[in-house]
Structure formats: C-alpha cells, structure tokens
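Peer 1: Fold the following and give me the result.
(chains A and B)
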Amino acid sequence: MIYVSIVLLVIAWIFILFGMAAVFRVKNLYTRILSAATIDTVGSLILLFALLIASFLARGEQGFNIRYDYIIRFVLLIGLLMLTNPISAHVNIRSAYLTGVEVKVLEHESDKDEAKEKEGELYG
Amino acid sequence: MTVFEFFLVLTLFMMILAILLSFVRLVLAPTIWDRLLMINLISIKVVMFVVVYAIYTDSILILDIAISYGIIGFLTITLLSKYIMTGGREK
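Peer 2: Numbering: from 1, shown residues only, chains lettered A, B, ... in the order given. Predicted coordinates:
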C-alpha cells in the first residue's frame, strides 16, 4: 500500500515541473498567473494527500495504528491551501487588472481577421 | 533507508531546485505581478518542503510550523497586492 503514495509523489513532481515550465514559457501575464497558480495548487494538494496516506500506512509495524495527531494537522493544511491559494491568485490578477494591464484577445493564424473584428466589438 | 524515504529525499531536492528556479525568475521578472506570483509559489514550495521534512524525521512540531508559514504567505500576498493596487495611497 505504500506504493500508492509513491505514485502520488511522482504525479506531484510532474505537476510541479509543468508549473515551472508554464512560468518560463507563457508570454501573456494573465495566462501565466492562472496556469502557474492552478497547477501549483493541484501539485501541492496531491503531495499532501500522498503524505497523508503514507503517515498512517507506513508506520504500522505493531498492528494498524492510526495516528490522529498527524491526520488532524494534514486536514487543516489541506483545507487551508485549498482555500487560500486560489484566493491569492485572484487577488494578484485583480490588482493587475485594476492597475491597468490590458487584456489581449487570443489570436490564431487562421482567424486573424475575425479576431480583429471581434476586438472592435469588445473594446471599441 | 527504505524505498519511501529515498523518494522523500528526492522530493526534498526537487523542492530546493524549484525554489532556486523561482528565485531566479523573481529577480529577472518583467513586471511586479510576476514577482508577487513568484513569492506565492515560493511560499507554497517552502510549505511543501517543511511538510516532507516533518514526515522524513517523524516529528509533529514541524508540521505546526508549516501551517503557520502558509498563513503568513497568504497574508503577504494579499497585503502586498492591495498596496500595489492603490499605488501606496490610502483609499
């Protein structure tokens, strides 16, 4: 059963790698903040779940003893991260938007003309 | 050292690498909101580092430090972004 938490740890590494790649590769400011914050939130939650599983599965050598003090703190930490990480990303984006960073319209190579027409409708 | 402890040590090194990369990005960032984002990511990663270290050494008191560090990181982001949004003036 300890291999479940090892697999979850590896999935968390992959999420953190994609988050760091998103920070360096994406060019738009809002997309960068959105992708990095959400991917990192999911990675941290998966890592905490892996350690939560490991904390009451790995140490049970003399029988299956659940350690409630670990579980209480892990549930507190998971709830705290799940609440505060999206809020902090939202606050960051709100401060950028209200200060006046302009939102760009997404453009494809195929429909550039449609995008220009839509840009006139949206921001004209 | 069991297999699980080996993976925990690998996770610790990976967190250190991610923190160093985000510190480089914090210095070289184009706008100030990127710096705020990097402070957010560094605080999350320090929380994860402390939690993995607490499991590795099997001590509960370090987990309390992780919880308080998460609260301090959230307060840092909200107060700094409000300060930047109002431009230093009181509103």
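Peer 1: Any figure for the gap between residue B:89 and chain A?
Peer 2: 13 Å (Cβ to the nearest Cβ, to the nearest Å). Yep, even glycine has a C-beta here, placed from its N, CA and C like the rest.
Peer 1: Can you find the helix or strand in chain A with the smallest mean pLDDT?
Peer 2: The least trusted helix or strand in chain A, going by mean pLDDT, DSSP states H and E, turns out to be helix A:112-123, with a mean of 59.
Peer 1: show me where pLDDT drops low in chain B?
Peer 2: Applying pLDDT under 70 to chain B flags the ranges B:90-91.
Peer 1: Please list all residues in contact with residue B:67.
Peer 2: A:73, A:76, A:77, A:80 (Cβ atoms under 8 Å, 6 or more residues apart in numbering or on different chains).
Peer 1: And for the first one, the neighbour number?
Peer 2: The criterion is other Cβ atoms under 10 Å in any protein chain shown. On that basis, residue A:73 has 19 neighbouring residues.
Peer 1: Could you find the closest non-adjacent residue to it?
Peer 2: residue B:63 (4.5 Å; Cβ to Cβ, 6 or more residues apart in numbering or on different chains).
Peer 1: so which helix or strand takes in that neighbour?
Peer 2: Assigned by DSSP states H and E, residue B:63 belongs to helix B:61-85.
Peer 1: mind checking how far the helix ranked longest in chain A is from the chain centre?
Peer 2: Longest among the helix segments of chain A by residue count, using DSSP state H, is helix A:68-99. A distance of 10 Å separates the centroid of the chain from that of helix A:68-99, by Cα atoms, centre = their mean, to the nearest Å.
Peer 1: can you map out the helices along chain B?
Peer 2: So, for chain B - with DSSP H - the helices run B:3-27, B:32-57, B:61-85.
Peer 1: what about the longest one and chain A, touching?
Peer 2: Yes - taking Cβ under 8 Å from any Cβ of the partner chain as the criterion, helix B:32-57 and chain A are in contact, through B:33-34, B:36-38, B:40-41, B:44-45, B:47-48, B:51-52, B:55.
Peer 1: Can you pick out the most distant pair from those residues?
Peer 2: Pairwise distances across those peak at 33.7 Å for B:33 and B:55 (criterion: Cβ to Cβ).
Peer 1: where does chain A have low pLDDT?
Peer 2: Scanning chain A for pLDDT under 70 picks out the ranges A:57-66, A:105-124.
Peer 1: Roughly how far does the residue nearest to residue A:104 when sequence neighbours are not counted sit from residue A:13?
Peer 2: Leaving aside its sequence neighbours, residue A:104 sits nearest to residue A:28 (Cβ to Cβ, 6+ apart; 6.0 Å). The spacing between residue A:28 and residue A:13, counted by Cβ to Cβ, to the nearest Å, is 26 Å.
Peer 1: Quick check on those two: which one has the bigger neighbour count.
Peer 2: Using other Cβ under 10 Å, the more surrounded residue of residue A:28 and residue A:13 is residue A:13, with 18 against 13.
Peer 1: if we can go back for a sec, in the helix holding residue B:63, what counts as buried?
Peer 2: B:63, B:66-67, B:69-70, B:73-74, B:77-78, B:80-81, B:84-85 (16 or more other Cβ atoms under 10 Å in any protein chain shown).
Peer 1: Just to check, residue B:22 is in contact with residue B:41?
Peer 2: Yes - at 5.1 Å, residue B:22 counts as touching residue B:41 under the criterion of Cβ atoms under 8 Å.
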